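Chemist: no FASTA, just this:
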C-alpha cells in the first residue's frame, strides 16, 4: 500500500490509464508543463510527451469540441476543466454533442470521453472557482456523473471512467485534494456506479457525495458522543443512482437526511428524497430532509464558511428528523 493525497491518487490513476492504453490522451489548460493548478497532472507530460498530455488554449468549448472529434476517431480523451465555474462555455458541447452522439448514431458510435471538474468551495477562492454544478449534468440523459470523496476512490474511479465507453463527468472535491489515505494499487475496486455505506448506523441515514462525505462522517462521530448512531452513505455515482444501497439503509433507519454543497433548490437531494419516498414510504418515520447551500450565488470567500453546510447544520437536521 502507498499513502497518497487525493491529488496524487488522481495523478497515479491517470498515469496508469496512460500506460494501459496508448489511445488515452489528456487535454486542458496548463495541465502539461505546469502540471495543472492543483498539480494533479504533474510529471505526466514529461513522461508521456506533448502529443498525449496537451496544453490547450483557454477555451473550454474548444477543449471539449476537439475531444469529441478525437473520441469519434478512437481516442479516449480526458479533459480537465480548470475550475467548476469555467465549465459553462463547454456546456453546449457537453449536453448537445457528448451526451447525444451515442443515441444520435443509434448506438453505432461510442463516446469514451471523461471531463474532470474540480468542484465545490472551502478553498478561499474568487468568483467562478467554488461552484457545484453537478445537478445540470446529472439531469442530462446520456451522461454518467460520478464524484470521488477519498484518495482510494479517486485512484480507481478515474481509471474506470477512462475505460468506460460512455461519457463520464468526473467531479473532484478540490478542498479534499490534500487529504491522505492508503491506496492498495493491487486491490479489486468496487463498480464505478455503486454507492457504499462508509459508516454503519441504526438511527438516521446521511446520504452525501464528494466533499460532504467527510462532513457527514465528522457529524456522525459527534452524534455518537450523544448516543446517536448515524449511518453514512457515499453516493459515489450521481447518475445513475444506486438506489438499492440507499433504500436498504432507509428501510433500516426509517430516517434520511441528504447533504450536498449545491443549493437545496432542485438539487440532487430533491431527486433522492423523491425516489426514497417512492420506494420506502411505509418504512419512513419522518420525511426525507435536505441540507445544502443557500439559494443564492456562491458568496465571497470571506463569508463562505457561513454558506457551506457544516457539522452543526447536519446535526440540526438530524435533530429535526428524530423529532418526528
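Modeler: Thanks, I have the structure now. Not measured: the values here are computed from a predicted model.

Chemist: what's the spacing between the longest strand anywhere in the chain and its chain's center?
Modeler: Longest strand in the chain, counting residues (DSSP state E): strand 256-263. Here strand 256-263 is found 13 Å from its chain centre; the criterion is C-alpha atoms, centre = their mean, to the nearest Å.

Chemist: Ok, stretch 95-102 next?
Modeler: Distance of stretch 95-102 from its chain centroid, counting by C-alpha atoms, centre = their mean, is 20 Å.

Chemist: Let me see the residues that make contact with that stretch.
Modeler: Identification of contacts with stretch 95-102 by C-beta atoms under 8 Å, 6 or more residues apart in numbering yields 64-65, 68, 72, 109-111, 113, 115, 137, 140-143, 166-167. Where you see a C-beta, it was placed from the backbone N, CA and C, and this is true even at glycine.

Chemist: Looking at these, which are in helices?
Modeler: 64, 65, 68, 72, 137 (DSSP state H).

Chemist: Now render those as CSV, adding distance to residue 186 and pLDDT.
Modeler: Converted to CSV, these look like this (distance: C-beta to C-beta, whole Å; pLDDT from 0 to 100):
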residue, distance to residue 186, pLDDT
64, 34, 98
65, 38, 97
68, 35, 97
72, 35, 96
137, 32, 98
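
Chemist: Farthest-apart pair in these, please.
Modeler: Farthest pair in the ones in helices among the contacts of stretch 95-102 (C-beta to C-beta) is 72 and 137. Separation: 20.6 Å.

Chemist: Tell me which of these two has more neighbours.
Modeler: Between residue 72 and residue 137, counting by other C-beta atoms under 10 Å, residue 137 is the more crowded of the two (24 against 15).

Chemist: Verify the stated contact: the more buried one with residue 84.
Modeler: No. Using C-beta atoms under 8 Å as the test, residue 137 is too far from residue 84 to be in contact (11.1 Å).

Chemist: All the strands of the stretch 1-150 of the chain, in order from the start?
Modeler: 2-5, 24-28, 53-55, 76-80, 114-119, 144-147 (DSSP state E, counting those that start in this stretch).
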